[in-house]
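Model the following, please.
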Amino acid sequence: FQLKSENKKTIWNTEEVPEGSEFDDTWDPREKPEYVISFKQHVGTEDVFFGMTGKDPSTACCEDIVIKIKLPETKYSDITLDIQDKVLDLRTPKKKLLLHLPYPVNSKEGRARFLSEEEILEVTLRVSRKLDFINFS
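Predicted coordinates for the structure are as follows:
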């Protein structure tokens, strides 16, 4: 099976290149910071006590991804954060993190806060699933 390209000189099709590969840089000497990925659910009493909505503790029922990134000796003004639908790209003068996310996210609806006392950047992203309106409404 061979895809026909518009330009005969191209060696691959744009659909073959994974999202976020433009951020990959194997020659960048900056170290990768420590990070933790957590999942968050919004539950009420109908979920906890009665199990009425059908939610379970799995990541398939979570609405948010929370990523905590340790950035020692970093100021808030030094942080550059770019979030795509499947990729988080963080850069500071000393650290660089290219993270392919476990689920697609809504890159427009996210929030980040820098906890300066703990030197942690906390990024919360809304998971974007095609069938969420059916499963969890």
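
got a list of what Pro93 touches?
30, 74, 78 (CB atoms under 8 Å, 6 or more residues apart in numbering). (C-beta placed from N, C-alpha, C; glycine too.)

mind redoing it with 7 Å?
Asp78 (CB atoms under 7 Å, 6 or more residues apart in numbering).

which stretches of this structure have low pLDDT?
Low-confidence segments of the chain (pLDDT under 70): 1-8, 12, 14, 17-26, 47-48, 51-52, 54, 57-59, 131-137.

those helices in it, which residues are they?
45-48, 132-135 (DSSP state H).

okay, which residue is most central for this structure?
Leu101 (4.2 Å; CA atoms, centre = their mean).

right, and it touches Lys86 too?
Yes: here Leu101 reaches Lys86: they are 5.4 Å apart, a contact under CB atoms under 7 Å.

Val105: neighbour count?
24 (other CB atoms under 10 Å).

ok, the residue nearest to it when sequence neighbours are not counted - contacts?
Spatial nearest neighbour of Val105, chain neighbours left out: Leu125 (4.1 Å); criterion: CB to CB, 6 or more residues apart in numbering. Shown in contact with Leu125 (CB under 7 Å, 6+ apart): 64-65, 83, 105, 110.

8 Å instead?
Shown in contact with Leu125 (CB under 8 Å, 6+ apart): 64-67, 83, 88, 101, 105-107, 109-110.

and which of these is nearest to Glu16?
Nearest to Glu16, judged by CB to CB, of those is Leu101 at 20.1 Å.
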